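Visitor: what follows is a predicted protein model with its sequence.
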Amino acid sequence: MRPRRSTRVKRYTVEKYDFELESDDEAQTQKTLRDDEGKDGNFDADAAEEAAENEDAGEEEDDDAAEEEEIDDNDDDHDDGGEDPELGSSADEGERFTGPSHEQGEPLRNIDYLDIEPVPPEGQHKGYVGPYERGMRGKALVRAWYGPRPEKIAMAHQLLERWRGWTVLPPKVPHGEHEPTDRAFWSADVVEKESRLAQEWWSRVKPSLTRGDAWVELPLGETHPYQMPLHSMPALMGQHDAQQEVIFEAGCCYPLSHNGLPFDRDGDPEKTTSGWMLDVGGVVLGMDWAPNRHKNPRQLLAMAVIPHSDQDFYNYEEASVNPDFQRHGIVQIWQFLGSEPYEGIVRPSAENALRVRTLCFDYDKVQNPPASLRLSDEYGITATAMTWINCNRIAVGYSDGSIALWSIFPCRLLSRHPVHHNHVVNMASGHPAMPHLIASVPLGGTARLIDIRAPSYEATEVQKPLIHTQPGMLAYSDHMLGFVSTYPSASALNTVVGFLHHRHFPVVRRVFAGDSFINCLAVGRLHPFLLVGAADGSVWSLNAQTEVFSNRHESTEKIRVFQHEHRSAALFPPNTPASARGVSRILQGFAIEKSRNTKNEPKMATKKGGRLRKPRDAPDAAEDDDEVADLTDPSRAVLHEPLTRITAMEWNPNEDYGCWAAVAMGSGLVRVIDLGLDQDSPR
């Protein structure tokens, strides 16, 4: 008797446990069964061919005959029990196993479970369970993220319809009109509630504040540690074929036209204002706009600035002995005005921006602060990140990996929990819709999301280790109810931005793939558009909502807003205009590009077994799981001049000004630009 081929190659183990198969395992099992059926489909024909081959090979025939005798004996034992041979073979198929060969002479025994082989570091494996699959698109994705309540699903579709036609830049909202989808769409009453609570809180805080002036003007002799070097820097601005040289100094500002030139130097008769270019004289580490509840043309931007010498190469051991080492810091506050509404649209004014105040901070010399968020009993534990929850609550991340919740007034440490194992680099709260959710990214480890109402058990994490050294790479989108951050990866060549929805935080979806290292990003407060700044000086804009909810093979778009390049002063001879701070160039007017999808890029041809293999095509639709396929492209590791990079950026959160964005460059230049499109402009 000759057994089937599928029976001869099977091996069985003792089933000690009953595991529930996931969808991937079930598909694999069904595929294996189909393969076995295909192998046995032409069973009789295969038997005839093998019999003819065995007649020609005598030695192989003898071995096969001996093996068939052993199998016939086993089959006779089953026939003696009065059982149908066909039924018996199928019923006992799960209980029989292949015995040891006669040559080994080992006793009959069960085969136990084998050790699980380690997963290769470059392999993609599934590490999540639940109804949400990475390959979901369209309506299924909306139901998984915003369902199951029908009204929430309808609200999500309303948001998708609101921004569907705008792929790279946000539309302008006419003055006086109100779009309900722009601000606090998921919690309509949160703005009024916060305003009322803030007024009540301020009425309790104001009587306890110290009487007298809160600001003290420094004498001229004490301002030296806070002054930026007053060196000039030439910059080339305008369209690529008609650039002009403009001289910048610390504290100066130029209003710009739509051609990227100073407004008074642009000879275009149809010129319009598009923003400002100013020089802060140092490196901007962080910035933010002052929120304004009322429609006020006076917009304030605060920037934390350090001198370029702080990031130069120096001997740390010698410099740290100086008692003034890393003690002085400044915050510059600039004022920008909007023009009167023309055709219902507020545009940047043609007046120069003003530096209304420079706040000088000397470490340990602040007198009578309203609150001091200090861990007095733990020496060496410093605050490394923070995020606001509301006007009286702030979450602070520390160098030991813990996250604390503080009350400003009265000053109290409300809770503190161990979240990571090292420095917390980035933090973001789900304000205003979900202020109790805190997302944090450590220096090394996994990105985590906790609920500060119950952080001990209401927590989740991305199950991929990452190395994250760059602050300013985590932002919350209130329109999509999720967080935007660098794609979780331990690769040093990671240039991908991902989106993490709060319901399915461990599953990351790709949003943007760049060609250079990413330094900062910002998500709109009144729209879902994303700004990305890279180390090569490029600033990109795209609709993050369209990117996340696009179909599998739908081509999305992005645009390079402008490109900044800088050349160091060491490259120029002495006594030249560029010998003090170097020279910069601003390029604009780039065309719209198709978004880069690393999943659909074909692989390079490789050799295997002495034969050249063809490049791998893009994966099929059924196999696409939105995983980032290639994070090891060596072209992304190109190093650029350090002062070329984009250091910080932020969208304006106020109504009528939500399309204004501030972008800081490493050379010390800061550009405030109006990126809004008119409603009747081509999309």
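Guide: Thanks, I have it.
Visitor: and Met386, what does it touch?
Guide: Going by CB atoms under 8 Å, 6 or more residues apart in numbering, Met386 touches Ile394, Ala395, Val396, Gly397, Met427. Quick note: C-beta positions are derived from backbone N, CA and C, even for glycine.
Visitor: what's the pLDDT at the third one?
Guide: For Val396, the pLDDT comes out at 97.
Visitor: what about it, how many neighbours?
Guide: As a burial measure, Val396 scores 20 neighbours (other CB atoms under 10 Å).
Visitor: what's opposite it in the beta bridge?
Guide: Following DSSP bridges, Val396 is listed with bridge partners Met386, Ala404.
Visitor: make sure it is actually in contact with Ala404.
Guide: Yes - between Val396 and Ala404 there is a contact under CB atoms under 8 Å: 5.1 Å.
Visitor: I'd like the distance from stretch 239-249 to the chain centre, please.
Guide: A distance of 34 Å separates the centroid of the chain from that of stretch 239-249, by CA atoms, centre = their mean, to the nearest Å.
Visitor: buried set for that stretch?
Guide: The neighbour-count check on stretch 239-249 (16 or more other CB atoms under 10 Å) flags Gln243, Val246, Phe248 as buried.
Visitor: now do stretch 134-151
Guide: Met136, Arg137, Leu141, Val142, Arg143, Ala144, Trp145, Tyr146.
Visitor: what's the farthest-apart pair in these?
Guide: Arg137 and Tyr146 (14.6 Å; CB to CB).
Visitor: for Leu160, what is the enclosing helix or strand?
Guide: Per DSSP states H and E: Leu160 is located in helix 150-162.
Visitor: pLDDT of the helix or strand just after that helix, averaged?
Guide: Sequence-wise, the next helix or strand downstream of helix 150-162 (DSSP H and E) is helix 190-205. The average pLDDT for helix 190-205 rounds to 87.
Visitor: quick one: list the elements packing against helix 190-205.
Guide: Contact partners of helix 190-205 among helices and strands, from 3 or more CB pairs under 8 Å, 6 or more residues apart in numbering; DSSP states H and E: none.
Visitor: ok, residues contacting that helix?
Guide: Arg183, Ala184, Arg293, Pro370, Asn390, Cys391, Asn392, Phe409, Pro432, Ala433.
Visitor: how distant is the helix or strand just after it from the center of its chain?
Guide: On the C-terminal side of helix 190-205, the closest following helix or strand by DSSP H and E is strand 233-237. Its chain's C-alpha centre lies 33 Å from the corresponding centre of strand 233-237 when counted by CA atoms, centre = their mean.
Visitor: can you list the neighbours in contact with strand 233-237?
Guide: For strand 233-237, the surrounding residues in contact (CB under 8 Å, 6+ apart) are 243-249, 256, 260-262, 277, 279, 577-578, 580-586, 667-669.
Visitor: where in the stretch 101-250 of the chain is pLDDT low?
Guide: Low-confidence segments of the stretch 101-250 of the chain, defined by pLDDT under 70, span residues 101-111, 114, 116-129, 176-178, 180, 210-214.
Visitor: repeat that for 80
Guide: 101-135, 174-184, 188, 209-216 (pLDDT under 80).
Visitor: could you look up the SS state of Leu643?
Guide: Here Leu643 is helix, with the state taken from DSSP: H, G, I helix; E, B strand; the rest coil.
Visitor: got a list of what the closest residue to it other than its chain neighbours touches?
Guide: Of all residues not flanking Leu643 in the chain, Gly666 sits nearest, at 3.9 Å (CB to CB, 6 or more residues apart in numbering). Counting by CB under 8 Å, 6+ apart, Gly666 touches Val283, His566, Pro642, Leu643, Thr644, Arg645, Ile646, Thr647.
Visitor: surely the second one touches Ser667?
Guide: It refers to His566. Yes - here His566 reaches Ser667: they are 4.7 Å apart, a contact under CB under 8 Å.
Visitor: higher neighbour count, the two?
Guide: Between His566 and Ser667, Ser667 has the larger neighbour count (other CB under 10 Å), namely 31 against 24.
Visitor: spit out the contact partners of that one.
Guide: Ser667 touches Met233, His564, His566, Arg581, Gly582, Ser584, Leu643, Thr644, counting by CB under 8 Å, 6+ apart.
Visitor: need the three-state assignment for it.
Guide: coil.
Visitor: any idea how far Ala140 is from Glu133?
Guide: 9 Å (CB to CB, to the nearest Å).
Visitor: ditto for Tyr316
Guide: Distance of Tyr316 to Glu133, given as CB to CB: 50 Å.
Visitor: more neighbours: which of the two?
Guide: Glu133 (17 against 9).
Visitor: helix or strand: which one has that one?
Guide: Going by DSSP H and E, Glu133 is not part of any helix or strand.
Visitor: just to revisit the earlier point, kindly reformat the contacts of Ser667 as CSV containing distance to Tyr487.
Guide: Output for these, formatted as CSV (distance: CB to CB, whole Å):
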residue, distance to Tyr487
Met233, 35
His564, 24
His566, 27
Arg581, 35
Gly582, 33
Ser584, 30
Leu643, 26
Thr644, 23
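Visitor: can you pick the most crowded of the residues you listed?
Guide: With neighbours taken as other CB under 10 Å, the top of these is Ser584, carrying 27 neighbours.
Visitor: circling back to that earlier point, what packs against the helix holding Leu160?
Guide: helix 138-146, helix 544-549.
Visitor: between the ones you listed, which one is closest to Gly238.
Guide: For Gly238, the closest of these is helix 544-549, at 30.1 Å, according to CB to CB.
Visitor: okay then, goodbye and thanks.
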